[in-house]
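Chemist: Please find the sequence and the predicted model below.
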Amino acid sequence: MGKRIWILAAVLMGLAVLAMAADVTGTWTASFDTQVGPQMYTYTFKVTGSTLTGTAKSNLGSATITDGKVNGDDISFTENLDYQGMPLMIPYKGKISGDEIKFTRAVVEGANEEFVAKRVK
């Protein structure tokens, strides 16, 4: 019985560490160059289980985040932006590392943008 308790404790510790590593709930900022010039973004994320929701605000406007997922240190979502009356769905993929997320997003096919978002403390 003692061995089972240690195994269970180790599994629970591992799950706790995994859950902490994936907690991106809060505000994140990034600035990077795009095809339409420099952009400053503020992302507000909320994670429930493995589902990510929130908003993305930039020089171009405010957008809703949909299809958001967090799996370990992987994050993905779609930014639904209205750009000059034209709806844009911008998919993001990223890797979480502490208080930074390294993102790649595809605004148009073949034009990927890479940048790092940092947690606001």
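Modeler: That came in fine, so what should we check first? Residues are numbered from 1 along each chain as shown.

Chemist: Pull the contacting residues for residue 55.
Modeler: Contacts for residue 55 (CB atoms under 8 Å, 6 or more residues apart in numbering) come out as 43, 44, 62, 63, 64, 65. All C-beta atoms are positioned from the backbone trio N, CA, C, and that covers glycine.

Chemist: Now residue 68: closest residue in space that isn't a chain neighbour?
Modeler: Taking CB to CB, 6 or more residues apart in numbering, and ignoring the residues beside it in sequence, residue 68 has residue 52 as its nearest neighbour in space, at 2.8 Å.

Chemist: That neighbour is in what secondary structure piece?
Modeler: Secondary structure here is read from DSSP states H and E; on that basis residue 52 sits in strand 51-58.

Chemist: Sheet-wise, list the partners of the helix or strand just after that strand with their directions.
Modeler: Sequence order places strand 61-71 as the next helix or strand after strand 51-58, per DSSP H and E. Applying DSSP bridges to the sheet, strand 61-71 is found paired with strand 51-58 (antiparallel), strand 74-83 (antiparallel).

Chemist: out of the ones you listed, nearest to residue 35?
Modeler: The minimum distance between residue 35 and those falls on strand 74-83, with 11.1 Å, by CB to CB.

Chemist: center of this structure, which residue is that?
Modeler: residue 75 (4.9 Å; CA atoms, centre = their mean).

Chemist: residues contacting that one?
Modeler: Residue 75 is in contact with 24, 52, 68, 69, 92, 93, 94, 95, 96, 101, counting by CB under 8 Å, 6+ apart.
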